[in-house]
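K.L.:
my questions are about this predicted structure, shown below with the sequence.
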Amino acid sequence: MPVVLSRRRIGAVLLGLSVGVVPPSLALTAASSASGAPASGTPRVVAAPASAGLAAAAPLTVSQAVSTQDGRSATVRGFVVGQPTATSTVVRSGFPNDYALAIADSASETGTSRMLYVQIPSSFRSQWGLQTNPSLMGKQIDVTGALAAYFSHPGMTGTTAFAFSGSSTTTPPPTTTTTSPSPTGTTGPYDSTYYASAIGKTGSALHTELHRIISSGVTTLTYDQVWTALKDTDQDPNNANNVVEVYSGRSIAKTDNGGGVDQWNREHVWAKSHGDFGTVNGPGTDVHHLRPEDVTVNSTRGNLDFDNGGSPVAQCTGCLSDGDSFQPRDAVKGDVARMILYMAVRWDGGDGFADLEPNDLVGNGTAPAIGRLSVLKQWNLQDPPDAFEKRRNQVIYDTWQHNRNPFIDHPEWVTAIWGS
């Protein structure tokens, strides 16, 4: 039976008021004189666009996003609970920069397994970075981007939108803050034992205590022993007969080592001429910074400092170099930074060798220094420790030198010592 509406009811429809008797996927419109129907005639029913009247998809919860790490684009709603600085570390004050934030379904959440780590692109950092806007803590926000791992943790990358939600409706004005070093009381498997005396320290006090810790009970290798150690520490996880070269990423037979073209040899990441320590037992044989590398690529890197930019390096996809610096591929930039900064803490001039220090220069030559510190700090944040780097640290500790690289266990200690 046809529906009969009064003129008053039709007028209400035309004014955009609620009608009630028309399904939400349909819209009533009065026939226009252009269509040939009289303006006062019976209204005709036309289908609205498929999306009309349908509510926008609700944002995902953080719990849903954490379990849906498949690269799809989504909007997630959660409360800002801190800034991730490592896979299992989220700081709630003393924010080192504006590069990332963590959200959770509860503003009081402290368990990192129930958090989503959100990358903040440069265009959003002035409004959404926690160093500039610490008042964001506890606010409920919506973030849109790809559900993909960040800091080797469930996360969101390539973020395209940030917005307040719920009761958080006002953009906080940028806040100028004096940033203190990141807290160092975060949880790690060696915090109650190996690092116990360092927990809670910052700045020079942390530097001094870490030096004491990683210099105690160490087994010093010979340069010949380094060959054997590297075949263990840098073993290809997909082929036990191979090692992985640090800069090129090439997997090569363990037995194909030496000085010939296309063989691998022992690369000093802290170039041995920077402090002139050579290959005598000590910094020249410290396996924490010695890595397998292709002979030709090793020669290209030489004793260059580390910095961004340059021309492509042959046989090393993603590497760049120029007259005074070398840039490794993205996947090991953090590894390089943490090796360099380990050396600066381990070898501080008290072992009969030069005091190794990072600086913000390139072209350091034979000075006991390597740069560029500002870039190394950036790389540490950009490329958090992965499974390969963590395994390497453990093998060195368990089997070879019996000391650890603290910046693999606690990447936030880079900021705690050298600032943001």
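P.N.:
Received the coordinates, thanks.
K.L.:
how about stretch 127-141: buried residues?
P.N.:
By 16 or more other Cβ atoms under 10 Å, the buried positions in stretch 127-141 come out as 127-134, 136-137, 139-141. Where C-beta positions appear, they are placed from N, C-alpha and C, glycine not excepted.
K.L.:
so what touches the helix of greatest length in the chain?
P.N.:
Ordering each helix of the chain by length in residues (DSSP state H) puts helix 333-346 first. With Cβ atoms under 8 Å, 6 or more residues apart in numbering as the test, helix 333-346 has contacts from 207, 210-211, 214-215, 246, 269-270, 283, 286, 288-289, 291, 306, 327-328, 356-358, 370, 376-377, 379-385, 389, 403, 405-408, 411, 414, 417-418.
K.L.:
hmm, try it at 6 Å
P.N.:
Residues external to helix 333-346 that are found in contact with it (Cβ atoms under 6 Å, 6 or more residues apart in numbering): 210-211, 214, 269-270, 288-289, 328, 356-358, 370, 376, 379-380, 383, 389, 405, 407-408, 414.
K.L.:
neighbouring strands for the following helix or strand past that helix, and are they parallel or not?
P.N.:
For helix 333-346, the following helix or strand on the C-terminal side (DSSP states H and E) is strand 357-358. Sheet pairing for strand 357-358, assigned by DSSP bridges, gives strand 369-370 (parallel).
K.L.:
what ranges do the helices span in this protein?
P.N.:
Here the chain has its helices, by DSSP H, at 7-14, 62-66, 125-128, 203-214, 223-233, 295-301, 333-346, 373-382, 387-395, 406-409, 412-418.
K.L.:
what's in contact with the third one?
P.N.:
To tie it back to what came earlier, the one meant is helix 125-128. 98, 120, 162.
K.L.:
now for the first one: which residues touch it?
P.N.:
Looking back up the chat, that one is Asp98. 125, 129, 131-132.
K.L.:
look up how far Gly145 lies from the closest residue to it other than its chain neighbours.
P.N.:
Spatial nearest neighbour of Asp98, chain neighbours left out: Gly129 (2.1 Å); criterion: Cβ to Cβ, 6 or more residues apart in numbering. Relative to Gly145, Gly129 is positioned 15 Å away (Cβ to Cβ, to the nearest Å).
K.L.:
what does Asn405 give?
P.N.:
32 Å.
K.L.:
and the two? Which one has more around it.
P.N.:
More crowded of Asn405 and Gly145, by other Cβ atoms under 10 Å: Asn405, with 26 against 22.
K.L.:
what's around the closest residue to that one other than its chain neighbours, how many residues?
P.N.:
Nearest residue to Asn405 in three dimensions, chain neighbours excluded: Tyr342, at 4.4 Å (Cβ to Cβ, 6+ apart). By the criterion of other Cβ under 10 Å, Tyr342 has 25 neighbours.
K.L.:
the one 4 residues further on too?
P.N.:
In terms of burial, Arg346 registers 25 neighbours under the definition other Cβ under 10 Å.
K.L.:
again, but for Gly309
P.N.:
Neighbourhood size, Gly309 [other Cβ under 10 Å]: 10.
K.L.:
how about the contacts made by it?
P.N.:
Residues near Gly309 by Cβ under 6 Å, 6+ apart: none.
K.L.:
quick thing: my sequence starts at 28, can you match it?
P.N.:
All set: I'll call the first residue 28, so the last point we hit is now Gly336.
K.L.:
against Asn269, how distant is it?
P.N.:
Taking Cβ to Cβ, one finds Gly336 at 31 Å from Asn269.
K.L.:
Ala113 bridge partners, please.
P.N.:
When bridges are called by DSSP bridges, Ala113 pairs up with Thr116.
K.L.:
wait, it sits on Asp436?
P.N.:
No - in this structure, Ala113 is not within contact of Asp436 by Cβ atoms under 6 Å, at 8.7 Å.
K.L.:
now do stretch 171-191, average pLDDT.
P.N.:
Stretch 171-191 shows a mean pLDDT of 90.
K.L.:
could you export it as CSV, CA atoms only?
P.N.:
Presented in CSV, the C-alpha positions along stretch 171-191 are these (Å, rounded to 0.1, in the frame of the first residue of the first chain):
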residue,chain,number,x,y,z
THR,A,171,45.4,7.2,11.7
GLY,A,172,48.1,5.3,9.9
ALA,A,173,49.4,1.8,9.0
LEU,A,174,49.2,-0.9,11.7
ALA,A,175,52.8,-2.0,11.5
ALA,A,176,55.6,-2.6,14.0
TYR,A,177,57.5,0.3,15.4
PHE,A,178,60.5,-0.1,17.8
SER,A,179,60.0,-3.9,17.1
HIS,A,180,56.7,-3.6,19.0
PRO,A,181,53.0,-3.4,17.9
GLY,A,182,52.7,0.1,16.4
MET,A,183,51.5,2.5,13.8
THR,A,184,53.8,3.9,11.1
GLY,A,185,53.4,6.5,8.4
THR,A,186,50.8,8.3,10.6
THR,A,187,48.6,10.6,8.5
ALA,A,188,46.3,12.1,11.1
PHE,A,189,46.1,13.0,14.8
ALA,A,190,42.9,14.4,16.5
PHE,A,191,41.5,14.7,19.9
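K.L.:
thanks a lot, catch you later.
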